[in-house]
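J.: structure, please.
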Amino acid sequence: MIPTEMTVNMFEVFKSIKAQLDSANIYYDTKAYLDDAFSFLVHMPGQYWEIDVREDGSVDVEVFKSEGMRDDPWAAIEQLVEDHRE
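T.: Numbering: from 1, shown residues only. As a prediction, this is how the structure comes out:
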């Protein structure tokens, strides 16, 4: 459960989320790629979650969901590369 104190400790929030993920046997990586946050990177079948715990104790969540299998995987890869070519 997330602490309800007036001042929220970032580490307490992080430990709370970690405990919830662990209790559900959900695999995750932790990263510190933002200046003011620690992140859980969760890979689930067909989904990718970024859970950021910010310095002030707030939490941001982004969920990326698969659109499923492509009919022509090589065309999809070519399109990905073309869209991101500099």
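J.: low-confidence ranges, this structure, go.
T.: The chain contains residues with pLDDT under 70 at 1-7.
J.: which residue ranges of it form helices?
T.: Applying DSSP state H to the chain gives helices spanning 10-23, 73-83.
J.: among those helices, which is nearest Gly46?
T.: Distance to Gly46, taken as CB to CB, is lowest for helix 73-83 among those, at 15.8 Å. Glycine gets a C-beta too; all of them are placed from N, C-alpha and C.
J.: ok, residues contacting the closest one?
T.: Helix 73-83 has contacts (CB atoms under 8 Å, 6 or more residues apart in numbering) with Arg70.
J.: for the spatially most central residue of the chain, name its beta-bridge partners.
T.: Nearest to the mean C-alpha position of the chain, counting by CA atoms, centre = their mean, stands Glu50 at 1.3 Å. Residues in a beta bridge with Glu50, per DSSP bridges, are Leu41, Glu62.
J.: return the most buried member of the helices of the chain.
T.: helix 10-23 (a mean of 14; mean count of other CB atoms under 10 Å).
J.: for that one, packing partners?
T.: strand 37-44, strand 47-54 (3 or more CB pairs under 8 Å, 6 or more residues apart in numbering; DSSP states H and E).
J.: just the CA atoms of the last one, as CSV, please.
T.: Presented in CSV, the C-alpha positions along strand 47-54 are these (Å, rounded to 0.1, in the frame of the first residue of the first chain):
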residue,chain,number,x,y,z
GLN,A,47,2.8,-5.3,-23.1
TYR,A,48,5.6,-3.1,-21.9
TRP,A,49,5.2,-1.0,-18.8
GLU,A,50,7.3,2.0,-17.6
ILE,A,51,6.6,2.8,-14.0
ASP,A,52,8.5,5.9,-12.8
VAL,A,53,8.7,6.9,-9.2
ARG,A,54,9.6,10.6,-9.0
